[in-house]
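Sequence first, predicted coordinates after that:
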Amino acid sequence: MTVQFGVHTGLQNTSIDELRSLWRRIEDLGFDWISIWDHFYAADATGNPHCLEAVASHAALAATTQRVKCGSLVYSAGYRHPAVLANAMATLDQIADGRIVFGLGGGWAKEEYDVHGIPFGTAGERLRMLEESIQCVRLLLTEDVANFKGEYFNLSGAQCEPKPVQERLPIWVGGGGEKVTLRIAAAHADGWNVPFVAPDAWAHKAAVLDEHCERLGRDPATITKSVNVGMAFTDEELRAQFGAMAEYVRPGVLTGSVSEMVDKVGAYAAAGASWVILAMRAPFDRDGLERFATEVLPALRK
C-alpha cells in the first residue's frame, strides 16, 4: 500500500507568523498534508492558555498553502454548533480551492470545558453529540435543505450556501474508542485518525473498525485510515516537544535511526494506514523535520 505523509502542527506556544513559515516549508519538503487542532488551552494538561483558535488558524493554513490537504485533527463537537462548523468548512474549502478535510471528535480536554462553562457530560453524551454533529454537517454541506431532529441538535429547513468546492468534503472521525467511536466512524466518516499508538495497537483498532464496517454493510476500503505519530531522532528532542507527555506518546513516536523509523512506518502501512502524519508542537523541531524529509522519506518512497 502506498503511504502518504503529512504534518500535524499544534497551535500552542506559537504564532501565526511562525506557523506560516513552517507550513510553507512543510509543503516545499514534499509533504501532502498539514493539519491543525482545536483547543483553547495547550494540549498538555499544564493549564497553559497559550493556544491559537482553530477555525481562524485553519483559514490561515488554507490561505498560506497551495497544494497540501488542509486538515483538522480534530474539532470538538462540543465547542460549536454543527451549522457553524458546516458554514466554516464550506467557506474554508473556497479559500483552499477544494483542499479541506474536516476532522471531528467527541472532545476530551475537560479543563477547557470547565473553565468556559461548556457542559462536559459523560463520554456517552459527548459521543452521541459527535454522531449527531457529523450527520448535521454532512446534510448541510450536501443537501439544498437540511432537516434533522436529535437529542442535541435540530435542523428545520436549514441551508448552507455556498457549498464547498469539493462535491463531498471529506469528514474524518478522530479517536480510538472501540465500541462507539469506531462504530461512528464506520457509519458516517470518510476517514479515521488516532494519535500516538504503537503499530500493533493501531492494527487492532483498524481491525475493529473493519468489523464495524462489515456489520453495517460498508466496504472498509472506503474509509481512509491514518495515524498521528511523534517524530524525534533523539530522546532530548522528544522531551523538548512533549514535556511531561513524552512517555505517554512514546509508543507512537518515530524515533532512533532512519532504518528504525522506516521499519515503524512500514508496520503501520502493513496494517492498513494510508496516511502517516507527524504530530509536531512548539518548539518545532525544524532540523528534525528537514532530516526526516531528506533521509527518511526517500527511503520510504523507493
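That came through, no problem.

any idea how far residue 8 is from the residue nearest to the spatial centre of the chain?
Geometric centre of the chain, nearest residue: residue 73, 2.0 Å, by C-alpha atoms, centre = their mean. In this view, residue 73 and residue 8 are 6 Å apart by C-beta to C-beta, to the nearest Å. Any C-beta I mention is one placed from the backbone N, CA and C, and that applies to glycine too.

if I look at the two, which residues touch both of them?
In terms of C-beta atoms under 8 Å, 6 or more residues apart in numbering, residue 73 and residue 8 are both contacted by the residues 35, 36, 37, 228, 277.

Dump those residues to a markdown table, plus pLDDT.
Formatted as a markdown table, the shared contacts of residue 73 and residue 8 follow (pLDDT from 0 to 100):
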| residue | pLDDT |
| --- | --- |
| 35 | 98 |
| 36 | 98 |
| 37 | 97 |
| 228 | 98 |
| 277 | 98 |
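
Give me the buried subset of these.
35, 36, 37, 228, 277 (16 or more other C-beta atoms under 10 Å).

and the longest strand for this protein?
strand 224-232 (DSSP state E).

any idea which helix or strand comes after it?
helix 235-242 (DSSP states H and E).

Flag every buried residue along that following helix.
For helix 235-242, by 16+ other C-beta under 10 Å, it's 237, 238, 240, 241, 242.

who touches the helix or strand that comes right after that helix?
Remark: after helix 235-242, the chain's next helix or strand is helix 246-249, criterion DSSP H and E. Helix 246-249 is contacted from outside by 195, 196, 230, 235, 238, 239, 242, 279, using C-beta under 8 Å, 6+ apart.

Can you name the residues that contact the first one?
Yep, that's residue 195 we're talking about. Contacts of residue 195 by C-beta under 8 Å, 6+ apart are 73, 174, 227, 228, 229, 249, 252, 279.

Who does it form a beta bridge with?
residue 228 (DSSP bridges).

in stretch 213-230, what counts as buried?
In stretch 213-230, residues buried by neighbour count (16+ other C-beta under 10 Å) are 213, 220, 223, 224, 225, 226, 227, 228, 229, 230.

pretty sure residue 82 is touching residue 150, no?
No - the pair residue 82 and residue 150 does not pass the contact test of C-beta atoms under 8 Å, sitting 9.8 Å apart.

follow-up on the earlier one: verify the stated contact: the residue nearest to the centre of the chain with residue 33.
No - applying C-beta under 8 Å, one finds residue 73 not in contact with residue 33, separated by 9.7 Å.

Next, show the common contact partners of these two.
residue 277.

on that earlier part again, the contacts of helix 246-249: which two are farthest apart?
195 and 235 (19.4 Å; C-beta to C-beta).

now the helices for the stretch 101-250 of the chain?
110-115, 123-142, 181-188, 199-216, 235-242, 246-249 (DSSP state H, counting those that start in this stretch).

Show me which residues of the last one are buried.
When you say that, I think you mean helix 246-249. Within helix 246-249, judged by 16+ other C-beta under 10 Å, the buried ones are 246, 249.

same deal with the longest one?
By 16+ other C-beta under 10 Å, the buried positions in helix 123-142 come out as 126-141.

do the same with stretch 175-189
In stretch 175-189, counting by 16+ other C-beta under 10 Å, buried: 175-177, 180-189.

Settle it for me: which of residue 82 and residue 150 has more neighbours?
residue 82 (28 against 15; other C-beta atoms under 10 Å).

one step back: where strands are concerned, which of the buried ones among the shared contacts of residue 73 and residue 8 count?
35, 36, 228, 277.

check contacts around the last one.
Read that as residue 277. Counting by C-beta under 8 Å, 6+ apart, residue 277 has contacts 5, 6, 7, 8, 33, 35, 73, 193, 226, 227, 228, 229.

Check what pLDDT the last one gets.
I take that to be residue 229. In this prediction, residue 229 carries a pLDDT score of 98.

Please apply the same query to the second one.
Reported pLDDT at residue 6 in the predicted model: 98.

My guess is it contacts residue 35. True?
Yes - counting by C-beta under 8 Å, residue 35 is a contact partner of residue 6 at 6.7 Å.

what do the two both touch?
71, 277.

My read is that residue 218 contacts residue 186, right?
Yes - using C-beta under 8 Å, residue 218 is in contact with residue 186, at 6.1 Å.
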